[in-house]
Every structure is written in C-alpha cells, then in structure tokens.
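In: What follows is a predicted structure for the sequence shown.
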Amino acid sequence: MAAGFGLVVRFTLRSPEAAEGFDELASRTLEGIRRHEHGTVVYVNHRVPGEPHVRLFYELYEDRAAFDAHEQQPHTRNFLEAREKFVAKTEVTFLERLDGKA
C-alpha cells in the first residue's frame with residue numbers, strides 16, 4: 001500500500017450565511033483540481049451535521065510532491081486568498097496512514 005499524503009482541514013466560517021459563498025468557492029476550486037491535478041486522489045468538502053458554520057475538507061495525495069504541486073496551482077492560490085472573507089478559523093491536521101483499504 002502506497003504511503004500517500006493526507007490531511008484534514010476544519011474551517012470555521014464567519015457565520016452560517018458565509019457557507020454559501022465558501023461552498024461556491026470550494027466548488028470552483030474543485031473544477032481546477034479535477035482538470036489539472038492527477039496526483040490528487042481525494043479532495044472532498046464536507047458539511048458537519050449540527051454545525052452549519054463548519055466545513056471539513058479531506059484531502060489525499062499520491063505523495064508529498066503531489067501536495068506541493070497542488071499548493072502551487074492557480075486555483076489553489078486563488079482559494080487560499082479568497083477564503084479569508086468567509087473563514088474565521090482554520091485548523092489543519094496532517095495524516096500518516098497506518099492501515100486501510102484503498
């Protein structure tokens with residue numbers, strides 16, 4: 001099983017109303033990821049039940065180099081800049097796979 005490189009990002013939005021704009025921004029970013037990032041295996045925006053002002057991203061890359069390439073993409077750089085108007089807090093947790101099914 002390949003090691004991969006993963007992370008979970010928890011975004012606390014400025015308000016529940018900010019969710020619509022944030023979700024639209026994430027969807028536009030995902031269009032670029034789908035078209036240009038072959039090393040991005042999984043990139044999913046999740047809603048958290050009972051927490052309308054929270055979004056959780058799960059990201060899995062083939063390796064660290066694929067993640068680094070993702071960070072340099074124009075659609076990612078745009079997301080990182082534009083998200084600030086919607087996000088109050090960002091928490092990033094990097095992951096190391098122990099076991100699983102892929």
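Out: Arrived safely.

In: what's the average pLDDT for the longest strand along the chain?
Out: Identified as the longest strand of the chain according to DSSP state E is strand 51-61. Strand 51-61 carries an average pLDDT of 96.

In: Which strands or helices does that strand pack on?
Out: Judged by 3 or more C-beta pairs under 8 Å, 6 or more residues apart in numbering; DSSP states H and E, strand 51-61 is in contact with strand 5-13, helix 18-36, strand 40-48, helix 64-72. From N, CA and C alone the C-beta is placed, and that goes for glycine too.

In: is it true that residue 85 touches residue 21?
Out: Yes: if you go by C-beta atoms under 8 Å, residue 85 and residue 21 touch, sitting 7.5 Å apart.

In: the more surrounded of those two?
Out: Neighbour count, other C-beta atoms under 10 Å: between residue 85 and residue 21, residue 21 has more, with 15 against 11.

In: got the contact list for the residue nearest to the more buried one when sequence neighbours are not counted?
Out: Among residues not flanking residue 21 along the chain, residue 86 sits closest, at 5.4 Å (C-beta to C-beta, 6 or more residues apart in numbering). The contact partners of residue 86, by C-beta atoms under 8 Å, 6 or more residues apart in numbering, come to 11, 13, 14, 18, 19, 21, 22, 25.

In: The fourth one reaches residue 53, doesn't it?
Out: It refers to residue 18. Yes: counting by C-beta under 8 Å, residue 18 touches residue 53, with 7.2 Å between them.

In: Compare these two and say which is more crowded by neighbours.
Out: For residue 18 and residue 53, the more surrounded residue by other C-beta under 10 Å is residue 18, and the numbers stand at 20 against 17.

In: how near is the more buried one to residue 98?
Out: For residue 18, the distance to residue 98 equals 35 Å [C-beta to C-beta, to the nearest Å].

In: Distance from the longest strand of the chain to the middle of the chain?
Out: 7 Å (C-alpha atoms, centre = their mean, to the nearest Å).
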